[in-house]
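1. no sequence on this one, just coordinates:
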């Protein structure tokens, strides 16, 4: 393939070490196919580094984890890992989740009641493992504070007695085991708002505690909260995804290492005259006689088309900046090679990552944050869109 994405295992491991220096108890987030990097590529690295708790978005990703374990010949060796699904799981998939010990997130009443119907219809003497998500300000998923008492009434009918692992309601044979009560901070860099949301989380926890509802864990940290406040909000776990993959979680850099490099190559070089138009639409007009390189990558590979609107966007060729000009095509871009010497067809082009100039030894770098800025988006969006590129 002309376009490839290389995963730097060593840097991922170093980022993991940095995260663990703040909170050693991690739920590693490998949702949405490990942010596009491939569960099959990332999971073995995390397992090798003694990670054993993972969060996915959907049930299909939990199945993919099992396939990776099978390929690694770990599934039948009592290799104990835990998997929680963060997003909605259809009721028809609850049976699969129960049989495969997958922990489900519950965030509204209709979902919970649907799950309980499946539990009572299809099982006897079975435990449904759930994480209860509460809403403290994100207003996306989760039970509101004024819904907690009603939720507790439902839970009490199925709740496990932790002393004898039996349902407190002797009539019902099926049980609910609450693994955790958790939430998500909407804007970690807004200290006032964060403190309000943490206070609400603590109030909700107290309602559960005062009503003698048993649960194993509490977790609130994602990457931004973890790096902004250190160990202040550690609780039992931190859910970490973006920081592992080298994405800076705050508006300033916290010292994480780049985990990916995206490369392609020059497939054609053209000499064009002053005022010639480049690419579709005629927006790319050269202001002088120029040497233009055609690079084999485009929006079909996940490169953000919006970067064509930035005057700052560039790639690296021979360790030097080559400005992107004209519209981004489906599988090609145009870059200005005028001031770069000794460039030939098939030369390497770095879209994300680092490249050294062999003549002066200076290394330049393009980060996910830079590409996100050029495209007017966020790093996660940039990374996940590269998901279709062949990985190494």
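-> In hand now; what should we look at? This structure is a prediction, so every number in the text was calculated from the model and none was measured.
2. where exactly do the strands run in the stretch 151-300 of the chain?
-> For the stretch 151-300 of the chain, the strands defined by DSSP state E, counting those that start in this stretch cover 160-161, 166-167, 175-182, 217-221, 237-240, 260-272, 277-278, 284-285, 290-295.
3. Now the weakest link among those strands, please, by mean pLDDT.
-> Ranked by mean pLDDT, these end with strand 166-167 at the bottom, a mean of 52.
4. quick check, residue 115 in a helix?
-> Yes - the assignment for residue 115 by DSSP: H, G, I helix; E, B strand; the rest coil puts it in a helix.
5. Quick check: it touching residue 129?
-> No - using CB atoms under 8 Å, residue 115 makes no contact with residue 129, being 10.9 Å away. All C-beta spots, glycine's among them, are computed from the backbone N, C-alpha and C.
6. anything in contact with each of these two?
-> residue 104 (CB atoms under 8 Å, 6 or more residues apart in numbering).
7. Format the strands of the stretch 151-300 of the chain as TSV; extra columns: mean neighbour count and distance to residue 338.
-> TSV is the format used below for the strands of the stretch 151-300 of the chain (neighbours: other CB atoms under 10 Å; distance: least, CB to CB, whole Å):
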stretch	mean neighbour count	distance to residue 338
strand 160-161	14	70
strand 166-167	16	74
strand 175-182	21	54
strand 217-221	22	48
strand 237-240	24	43
strand 260-272	18	9
strand 277-278	16	12
strand 284-285	16	14
strand 290-295	21	5
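8. what about these, which gets the closest to residue 195?
-> strand 217-221 (12.2 Å; CB to CB).
9. which stretches of the chain form helices?
-> Using DSSP state H, the helices found in the chain span residues 9-20, 31-35, 39-48, 59-71, 94-99, 109-122, 148-158, 191-210, 223-229, 368-375, 379-385.
10. Relative to residue 281, which of those helices is closest?
-> Across these, the minimum distance to residue 281, taken as CB to CB, is reached by helix 368-375, at 18.0 Å.
11. List the buried residues for that closest one?
-> Buried residues in helix 368-375, counting neighbours by 16 or more other CB atoms under 10 Å, are found at 368-375.
12. any idea of the angle it forms with strand 260-272?
-> 50 degrees (axes from the mean of the first three to the mean of the last three CA atoms, to 10 degrees).
13. List the contacts of helix 368-375.
-> With CB under 8 Å, 6+ apart as the test, helix 368-375 has contacts from 246-248, 258, 260, 304, 306-307, 310, 312-313, 351-352, 378-379, 381-383.
14. In ChimeraX, how would I select the buried members of these?
-> Paste this into ChimeraX to select the buried members of these, with burial taken from 16+ other CB under 10 Å:
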select :246,247,248,258,260,304,306,307,310,313,351,352,379,381,382,383
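15. on that earlier part again, okay, the buried residues of helix 368-375 in TSV with distance to residue 82 and pLDDT next?
-> TSV is the format used below for the buried residues of helix 368-375 (distance: CB to CB, whole Å; pLDDT from 0 to 100):
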residue	distance to residue 82	pLDDT
368	29	97
369	32	97
370	36	97
371	34	97
372	32	97
373	37	97
374	39	97
375	36	97
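16. With distance to residue 180 as new columns, can those be given to me in JSON lines?
-> Output for the buried residues of helix 368-375, formatted as JSON lines (distance: CB to CB, whole Å):
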{"residue": "368", "distance to residue 180": "30"}
{"residue": "369", "distance to residue 180": "31"}
{"residue": "370", "distance to residue 180": "36"}
{"residue": "371", "distance to residue 180": "35"}
{"residue": "372", "distance to residue 180": "31"}
{"residue": "373", "distance to residue 180": "35"}
{"residue": "374", "distance to residue 180": "38"}
{"residue": "375", "distance to residue 180": "35"}
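17. Can you say which of the strands of the stretch 151-300 of the chain is nearest to residue 70?
-> Of the strands of the stretch 151-300 of the chain, nearest to residue 70 by CB to CB is strand 175-182, at 24.5 Å.
18. and the closest one, what other elements does it pack with?
-> For strand 175-182, the elements it packs on are strand 127-133, helix 148-158, strand 160-161, helix 191-210, strand 217-221, judged by 3 or more CB pairs under 8 Å, 6 or more residues apart in numbering; DSSP states H and E.
19. and those, which one's lowest on average pLDDT?
-> When I compare these, strand 160-161 is least confident, with a mean of 58.
20. Which one of the helices of the chain lies nearest to residue 270?
-> Taking those one by one with CB to CB, helix 368-375 is closest: 23.6 Å.
21. Tell me, please, where in this structure the pLDDT is lower than the cut-off.
-> Residues of the chain meeting the criterion pLDDT under 70: 74-79, 160-174.
22. Need the residues that contact stretch 136-147.
-> Everything outside stretch 136-147 that qualifies as a contact, by CB under 8 Å, 6+ apart, is 105, 107-109, 132-135, 151, 183-186, 193, 196-198, 200-201, 203-204, 207.
23. sorry, back to before: to residue 217, which of the helices of the chain lies closest?
-> The nearest among these, by CB to CB, is helix 191-210 at 11.3 Å.
24. Now do that closest one and helix 148-158, the angle between them.
-> 40 degrees.
25. Residue 4 pairs with what?
-> With DSSP bridges as the criterion, residue 4 is bridged to residue 263.
26. what sits against it?
-> Residue 4 sits in contact with 262-264, 389-392, where contact means CB under 8 Å, 6+ apart.
27. And it, how far from residue 263?
-> 6 Å (CB to CB, to the nearest Å).
28. What of residue 199?
-> For residue 199, the distance to residue 263 - CB to CB - is 47 Å.
29. What of residue 11?
-> 16 Å.
30. picking up where we left off before, out of the contacts of residue 4, who's nearest residue 282?
-> Here the nearest of the contacts of residue 4 to residue 282, counting by CB to CB, is residue 264; it sits at 24.8 Å.
31. Tell me the spatial nearest neighbour of that closest one, not counting adjacent residues.
-> Using CB to CB, 6 or more residues apart in numbering and skipping residues adjacent in sequence, the residue nearest residue 264 is residue 297, 4.3 Å away.
32. ok, that neighbour touching residue 335?
-> No - Residue 297 is beyond contact range of residue 335, at 10.3 Å (criterion: CB under 8 Å).
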